[in-house]
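[1] what's the 3D shape of this:
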Amino acid sequence: MLSVNLEPVFGQVQRNPSLWDPIVVIRHGICSSYQSFVNLAAHLQEAFPKAKLDNQSYAWRDSVLISGARLANHILNTYDPARPLVFIGHSMGGLVCRVANVALRDPTSFVYFVTNLSLGLGYAGTDMLEIQNFRLANKPPRKVALLVTLATPNSGAVLQGQVTGIAALLQAGLNAYPPTRSGAVADLTSDRLFRFLQNFCVDTPSLSISGSGANRFALGAGQLTAWFSQRGLRLELPHDLIVEDRSVDLRSSILPNEIVQQGNARYLHVRTYLNCTDVSHTNIYDDTTVRQTIVDCISRC
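    Predicted coordinates:
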């Protein structure tokens, strides 16, 4: 297990957990619901007794753009803007939180780019109209104290191993919930969302967490990857069986992102374990070290 030292990036612990009262928003990924995160929410509630935990399901088959805008609108219409706000998103939920973050930090620009770019990027006209009806541009910016993404495909390009893993996950979920057409699938299998987000600049302190740098599958395929490497090809394998560690890290983003390249946010990517087979894409949020890392980071906001 790696020792995660957050202090060089996020500074010293500033909050008394028993007294601090943030709004902590948790959002699940595709093919999931709030129920998977009940234990994480309970753990955070115990760590921060005065916090308000907002762990809700959302229409995960809709585009990430509209889901993020709905989340931003929900926060603006529900919570006191004086209370600190923390986002925690797993997998696609991390992308939903990134969209909500830019909408809250710069609502005027968000509406502008939705109006002028979303249709050209392939988003539905109904998405654009719904966002315009939120009238976000009439609302003041909202500071976000911390953004945490767990096993989120942040890279700005869906890598080959990631495509394979996501396809398997999608197939299982879509067999149970067959959509006519899923905007979420388009966002996960194209670069349109990342082309939208590269127009923003935020200062939100951000932490990305992946399970490990390698797992048994990736290690066992060493000969295969070496063979491809000798021929000038780089084969990426999913370290948590769905999303590669390199994709989770925003510093490896191929397209500029709003947090690191375009923004000036304090940012850290951590691998909870160097070489682990027990932490997978669908249980990373229940790992003890991951939970402790999240609590530690929230305490430094």
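[2] Against residue 47, how distant is residue 16?
    11 Å (Cβ to Cβ, to the nearest Å). The way it works is simple: take the backbone N, C-alpha and C, and place the C-beta from them, glycine included.
[3] ok, those two, which is more surrounded?
    A direct count of neighbours by other Cβ atoms under 10 Å for residue 16 and residue 47 places residue 47 higher, at 19 against 10.
[4] Could I get the buried residue list for stretch 12-32?
    Judged by neighbour count (16 or more other Cβ atoms under 10 Å), stretch 12-32 contains these buried residues: 15, 17, 20, 22-32.
[5] Let me know the closest of those to residue 155.
    Using Cβ to Cβ, residue 29 is the member of the buried residues of stretch 12-32 that lies nearest residue 155, at 15.7 Å.
[6] looking at it, that closest one is touching residue 60, isn't it?
    Yes - checked against Cβ atoms under 8 Å, the pair residue 29 and residue 60 is within contact range at 7.3 Å.
[7] what residues are shared contacts of those two?
    Common contacts of residue 29 and residue 60 (Cβ atoms under 8 Å, 6 or more residues apart in numbering): residue 92.
[8] rewinding a little: which ones among the buried residues of stretch 12-32 are found in strands?
    23-27 (DSSP state E).
[9] Between the two ends of stretch 238-256, how far is it?
    End-to-end distance of stretch 238-256 (Cα to Cα, to the nearest Å): 22 Å.
[10] Report the buried residues of that stretch.
    Buried residues in stretch 238-256, defined by neighbour count with 16+ other Cβ under 10 Å: 238-250, 252-253, 256.
[11] Out of the residues you listed, name the ones that lie in helices.
    Counting by DSSP state H, the buried residues of stretch 238-256 place 245-248 in helices.
[12] Dump these into a markdown table; add pLDDT as well.
    Below are those laid out as a markdown table (pLDDT from 0 to 100):
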| residue | pLDDT |
| --- | --- |
| 245 | 86 |
| 246 | 85 |
| 247 | 89 |
| 248 | 93 |
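[13] circling back to that earlier point, of the buried residues of stretch 238-256, the lowest pLDDT goes to which?
    For the buried residues of stretch 238-256, the least confident position by pLDDT is residue 238, scoring 71.
[14] my guess is that residue contacts residue 246, does it?
    No - with contact defined as Cβ under 8 Å, residue 238 does not reach residue 246; the gap is 10.2 Å.
[15] which one is residue 22 nearest to, not counting chain neighbours?
    residue 84 (4.1 Å; Cβ to Cβ, 6 or more residues apart in numbering).
[16] Could you give the number of residues near the one you found?
    Neighbour tally, residue 84, other Cβ under 10 Å: 17.
[17] per-residue confidence at it?
    The model reports residue 84 with a pLDDT of 97.
[18] Tell me which residues touch it, please.
    20-23, 143, 145, 301.
[19] same thing but 7 Å
    Residue 84 is in contact with 22, 145, 301, counting by Cβ atoms under 7 Å, 6 or more residues apart in numbering.
[20] Ok, residue 187 next?
    By Cβ under 7 Å, 6+ apart, the contact set of residue 187 is 63-64, 95, 193.
[21] between these, which is closest to residue 206?
    Nearest to residue 206 among these, with distances taken as Cβ to Cβ, is residue 95, at 12.8 Å.
[22] separation between the one residue sitting closest to the centre of the chain and residue 268?
    Nearest to the geometric centre of the chain sits residue 94, at 1.5 Å (Cα atoms, centre = their mean). Distance, residue 94 to residue 268, by Cβ to Cβ: 15 Å.
[23] Report pLDDT for the residue nearest to the centre of the chain.
    Predicted confidence (pLDDT) for residue 94: 98.
[24] tell me the angle the host helix or strand of it makes with strand 23-27.
    Assigned by DSSP states H and E, residue 94 belongs to helix 92-105. Using axes from the mean of the first three to the mean of the last three Cα atoms, to 10 degrees, one finds that helix 92-105 and strand 23-27 are set 140 degrees apart in direction.
[25] now helix 92-105: how far from the chain's centre is it?
    From the chain centre to the centre of helix 92-105 is a distance of 8 Å (Cα atoms, centre = their mean, to the nearest Å).
[26] and it, what other elements does it pack with?
    The contact analysis (3 or more Cβ pairs under 7 Å, 6 or more residues apart in numbering; DSSP states H and E) places helix 92-105 against strand 23-27, helix 64-78, strand 85-90, strand 146-150, helix 183-188, helix 192-197.
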